[in-house]
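# sequence plus the predicted model coming up.
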Amino acid sequence: MTRIDFYTNVADPQDFACRLADTVQRKKERLLIWLDSERDVEVFSNRLWSFGDTRFVPHCRLEAPQAQETPVWLAARLPDELSHPVLLNLGSQLPYEINRFERILEIVGRDPASLATARERFRAYREHGCAIEHHDMSQTPT
């Protein structure tokens, strides 16, 4: 059964996504970050390379030759044949074939649009029988 982790009340979703990617890769888990477009992949990749003053998150595009040796992958589309332990969904859609992932991470900002999207996704994941965890990040420093 796929576990869904919702991180809610996040002040800066893009910064939090970098910190979350760093945490997952430090735990030696493989992470696929799904974004909406190639442009979004490029922009987020730049954020990961300059994450923090002295840190970065090692990553590459899913189709890169070095992908098998890299802990974090970025993709603008989910390939049909890939099963992966952890998916960080930064895209606007719900992933198809949810059961291909052990965990899916969803980041929810504080704005009304983000909250509305999260409610829809929560319902969809529940209908798929996923185990859902909620993490309120409102007390987390930005």
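In hand now; what should we look at?

# can we go C-alpha only for contacts and neighbour counts from here?
OK.

# pLDDT value on the closest residue to residue 71 other than its chain neighbours, please?
Excluding its sequence neighbours, the residue lying closest to residue 71 (C-alpha to C-alpha, 6 or more residues apart in numbering) is residue 30, at 4.9 Å. pLDDT for residue 30: 91.

# who are the contact partners of residue 30?
Neighbouring residues of residue 30 by C-alpha atoms under 8 Å, 6 or more residues apart in numbering: 24, 71-72, 84-86.

# considering the residues you listed, which member attains the minimum pLDDT?
residue 84 (69).

# so what's the most centrally placed residue in the chain up against?
The centre of the chain sits closest to residue 88, judged by C-alpha atoms, centre = their mean, with a distance of 1.5 Å. Contacts for residue 88 were tallied using C-alpha under 8 Å, 6+ apart; they are 21, 31-34, 104-106.

# next, give me the two most distant ones among the contacts of residue 30.
24 and 84 (13.1 Å; C-alpha to C-alpha).

# any shared contact partners between the two?
30-31.

# adjacent strands (with direction) for the helix or strand of the chain with the lowest mean pLDDT?
Every helix and strand in the chain was compared by mean pLDDT, DSSP states H and E; the lowest is strand 84-89, with a mean of 89. Here strand 84-89 is paired, per DSSP bridges, with strand 31-34 (parallel), strand 101-109 (parallel).

# which residues touch the shortest one?
Which is strand 31-34. 21, 24-25, 62, 71-78, 84-91.

# write the PyMOL selection for whichever of those are buried.
Of the contacts of strand 31-34, the buried ones can be selected in PyMOL as follows, counting by 16 or more other C-alpha atoms under 10 Å:
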select buried, resi 21+24+25+62+71+72+73+74+75+76+78+84+86+87+88+89+90+91
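
# how about residue 115: what's its closest non-neighbour residue?
Using C-alpha to C-alpha, 6+ apart, the nearest residue to residue 115 is residue 108, at 6.4 Å.

# surely the one you found and residue 120 touch.
No: Residue 108 lies out of contact with residue 120 (C-alpha atoms under 8 Å); the separation is 11.9 Å.

# so these two - more neighbours on which side?
residue 108 (25 against 11; other C-alpha atoms under 10 Å).

# report the inter-axis angle for the longest helix along the chain versus strand 101-109.
If you go by DSSP state H, the chain has its longest helix at helix 112-127. Computed by axes from the mean of the first three to the mean of the last three C-alpha atoms, to 10 degrees, the angle separating helix 112-127 from strand 101-109 equals 160 degrees.
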